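Colleague: quick one: sequence and predicted model below, then my questions.
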Amino acid sequence: MRKPRRTEDLWEYRIIEQTRRSEKSFRSLHIIEHDLKIALIFPSSYETAIANLGFHKVFELLNGIEGVQCERFFYDKRFSKYYSLDTQRPLDEFHIWAFSVSFELDFQNIIQLMQKKGIPLFNHLRNDHHPFILIGGAVTYFNPNALWQYADLIFHGDADETLNIFIEKMLEGFRQKKNREGILEQIKSFDNLSIPLLHHTAKSISKSMEMTKKPAVSLITTKRSVFPNKVLLEVGRGCLRSCAFCVAGHTRSPARFVQVDVIESIFDEMKEKGFNDCGLISATFTDHPFKNKILDLMEERDIHFTVSSLRLDSLSEKLLEGLLRSGQKEITIAPEGGSQKIRELMNKQISEEDIERSLQLIAKKGIRKLKMYFIYGLEEENESDFEAIYKIVQRANHYGMTDIKISLNPLIPKPGTPFSSRQIQDLKTLRTKKQFIEKMLGKKVSVKFESIRNSILQYQIANASKDFQFPAD
């Protein structure tokens, strides 16, 4: 694309140009000029976007459709023009704006982007000259109602097997020069698609079984990723567990795991192409039935790795040794509740003995850096439950861990979970609990609390009804 003349546009253009140059291709994908242009937009930072495997998978799927040209975008509040990462084509030139949304608070970025680009916020105000606003991603598995007034289309669930069929149907409508309503009418038969303007609500969530043979793999690596310079590989989808606060175990079942021979072939592909660092992505790697075989395959090929999540009750010497071999110096575990009472309420299925054993194992391997996640904000909890968090910290200290970080998040009840009938506790209550925990833990550990106000907003968005509207700026 020709460089812009305006100084402010040129500055933005060059940022995108520099970002693209930082990327290293793992699997080549050539953008071809086609009739239907789709902007795949991640409504958060580039660092987060490029670390999202769903973003990579959808980009690959859409560009595999004859007649479709898909290009990547990310959100930056400083931008005004918005150029694609792939050809630096301006966003205004795309027919469909497809947002891949993983986190409720990113809905606000979608609204702000639409306002900045002069797109009518409410779907009933748009005409044939405006792009279709398509929403997909993790939020569509439980409740995307917060965008019911804003989205033209909501694609629910996994994209692997049905996204291409639905887009091909849209392409057919574009080629027949149908108007906006005509195209929407043409695709309303899809069970996993919601079309707010037609009062059509999805009857099901798409769930791929093919992913066990065709997992998501990052097409691109970059040092700017949340997982710097790593080839990301999906090894599982869904979760075997049923933690009461977590949507993954309740809305993405059944748990599916990528076949070992498929994983082995990707490791071989990595070595052939000169890539030695891998990020294993799943709800929890330690639940993979052949995790030890996967660890052996990486050790044989001298592939360094990290994992997106693990269960402390499934920690093993073999896994810790592999992480240490890969240069990892900090281990992250998630007791979630300080006391057994709270963990049982959460259906966490982790005992005091599990925590003790994991701390012993981590210490045995000489690891001194530990990060732990906890949830607070249950109506049943009291000071003794918070004191139990401190006791776990003391046990970690006892085993020689000197660099301990604690991350605490308020309970955010979400639809589709056993906690869905609960409400988030009010600001005053959560602040009082936060102050008690801060005072109790003192300065012996590094403590980070998720913003209470943001947590309350996240709860409101996650539990919104179809008439929800974001406050005007």
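Modeller: Now that the structure is in, tell me what you want to look at.
Colleague: what comes up buried for stretch 428-448?
Modeller: 430, 433-434, 437, 441, 445, 447 (16 or more other Cβ atoms under 10 Å). For the C-beta atoms, the positions are set from N, CA and C on the backbone; glycine is no exception.
Colleague: next one: residue 405 from residue 224, what distance?
Modeller: According to Cβ to Cβ, to the nearest Å, residue 405 stands 23 Å off from residue 224.
Colleague: actually, residue 4.
Modeller: Residue 4 is 23 Å from residue 224, by Cβ to Cβ.
Colleague: where does this structure have low pLDDT?
Modeller: Along the chain, the model assigns pLDDT under 70 to residues 1-2, 472-473.
Colleague: now do the domain split for it, please.
Modeller: 7-198, 209-324, 329-473 (automatic domain parsing).
Colleague: need the distance between the two termini of the second one.
Modeller: For domain 209-324, the first-to-last residue distance is 33 Å (Cα to Cα, to the nearest Å).
Colleague: how far off centre is it?
Modeller: When distances are taken as Cα atoms, centre = their mean, to the nearest Å, domain 209-324 is centred 15 Å away from the chain's centroid.
Colleague: equivalent analysis for the first one, please.
Modeller: Centroid displacement of domain 7-198 relative to its chain, using Cα atoms, centre = their mean, is 16 Å.
Colleague: do the same with stretch 321-329
Modeller: 24 Å.
Colleague: hmm, who's touching it?
Modeller: By Cβ atoms under 8 Å, 6 or more residues apart in numbering, the surrounding residues in contact with stretch 321-329 are 277, 295, 298-299, 304-307, 331, 365, 367-369.
Colleague: what do you get if the cut-off is 6 Å, keeping everything else the same?
Modeller: Residues from elsewhere that reach stretch 321-329 (Cβ atoms under 6 Å, 6 or more residues apart in numbering): 295, 304-305, 369.
Colleague: likewise stretch 337-352?
Modeller: Outside stretch 337-352, the residues that touch it by Cβ under 6 Å, 6+ apart are 242-245, 313, 336, 381, 385, 388-389.
Colleague: and what of stretch 379-396?
Modeller: The set of residues external to stretch 379-396 that reach it, using Cβ under 6 Å, 6+ apart, is 338-339, 342, 359, 370, 374, 404, 437, 440, 445.
Colleague: of the residues you listed, buried ones?
Modeller: Buried residues within the contacts of stretch 379-396, defined by neighbour count using 16+ other Cβ under 10 Å: 338-339, 342, 359, 370, 374, 404, 437, 445.
Colleague: is it possible to get CSV of the residues you listed that adds secondary structure and distance to residue 74?
Modeller: As requested, the buried ones among the contacts of stretch 379-396 are exported to CSV (DSSP: H, G, I helix; E, B strand; the rest coil; distance: Cβ to Cβ, whole Å):
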residue, secondary structure, distance to residue 74
338, coil, 37
339, coil, 41
342, helix, 38
359, helix, 39
370, strand, 32
374, strand, 31
404, strand, 34
437, helix, 35
445, coil, 34
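Colleague: of all these, which comes closest to residue 290?
Modeller: Closest to residue 290 out of the buried ones among the contacts of stretch 379-396 is residue 359 (26.7 Å), distances taken as Cβ to Cβ.
Colleague: residue 389 versus that closest one, what's the distance?
Modeller: For residue 359, the distance to residue 389 equals 14 Å [Cβ to Cβ].
Colleague: ok, now residue 460?
Modeller: For residue 460, the distance to residue 389 (Cβ to Cβ) stands at 27 Å.
Colleague: report the contact partners of the spatially most central residue of the chain.
Modeller: Centroid-nearest residue in the chain: residue 102, 4.4 Å away (criterion: Cα atoms, centre = their mean). When contacts are counted by Cβ under 6 Å, 6+ apart, residue 102 touches 137-138.
Colleague: hmm, try it at 8 Å
Modeller: 44, 52, 54, 137-139.
Colleague: if we can go back for a sec, restricted to strands, list the buried residues of stretch 428-448.
Modeller: Residues of the buried residues of stretch 428-448 located in strands (DSSP state E): residue 447.
Colleague: what is the neighbour count of residue 379?
Modeller: The local packing of residue 379 (other Cβ atoms under 10 Å) involves 10 other residues.
Colleague: quick one: residue 140 and residue 154 touch, right?
Modeller: Yes. Judged on Cβ atoms under 8 Å, residue 140 makes contact with residue 154 at a distance of 5.9 Å.
Colleague: hmm, back to that, got JSON lines for the contacts of residue 102, with neighbour count and distance to residue 421 too?
Modeller: Output for these, formatted as JSON lines (neighbours: other Cβ atoms under 10 Å; distance: Cβ to Cβ, whole Å):
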{"residue": "44", "neighbour count": "19", "distance to residue 421": "30"}
{"residue": "52", "neighbour count": "22", "distance to residue 421": "31"}
{"residue": "54", "neighbour count": "19", "distance to residue 421": "29"}
{"residue": "137", "neighbour count": "25", "distance to residue 421": "25"}
{"residue": "138", "neighbour count": "18", "distance to residue 421": "22"}
{"residue": "139", "neighbour count": "25", "distance to residue 421": "20"}
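Colleague: ok so, going back, what's the most distant pair in the buried residues of stretch 428-448?
Modeller: Farthest pair in the buried residues of stretch 428-448, by Cβ to Cβ: 430 and 445, 20.2 Å.
Colleague: take the buried residues of stretch 428-448 and lay them out in CSV including distance to residue 112.
Modeller: Below are the buried residues of stretch 428-448 laid out as CSV (distance: Cβ to Cβ, whole Å):
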residue, distance to residue 112
430, 27
433, 32
434, 29
437, 33
441, 36
445, 36
447, 31
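Colleague: still on that earlier bit, among the contacts of residue 102, which lie within helices?
Modeller: residue 54 (DSSP state H).
Colleague: out of the contacts of residue 102, who's nearest residue 261?
Modeller: For these, the nearest to residue 261 is residue 54 (23.7 Å; Cβ to Cβ).
Colleague: phi and psi next, for the nearest residue to the closest one once chain neighbours are set aside.
Modeller: Spatial nearest neighbour of residue 54, excluding adjacent residues (Cβ to Cβ, 6 or more residues apart in numbering): residue 100 at 5.7 Å. Main-chain dihedrals, residue 100, degrees, to the nearest 10: phi -100, psi 110.
Colleague: neighbours of residue 100, just the number please.
Modeller: The number of residues near residue 100, taken as other Cβ under 10 Å, comes to 28.
Colleague: partner residues bridging it?
Modeller: Beta bridges link residue 100 to residue 136, judged by DSSP bridges.
Colleague: what about the strands in the stretch 101-250 of the chain?
Modeller: Applying DSSP state E, counting those that start in this stretch to the stretch 101-250 of the chain gives strands spanning 132-136, 153-155, 193-194, 220-222, 231-234, 236-237.
Colleague: quick one, which of those strands is nearest to residue 76?
Modeller: strand 220-222 (15.9 Å).
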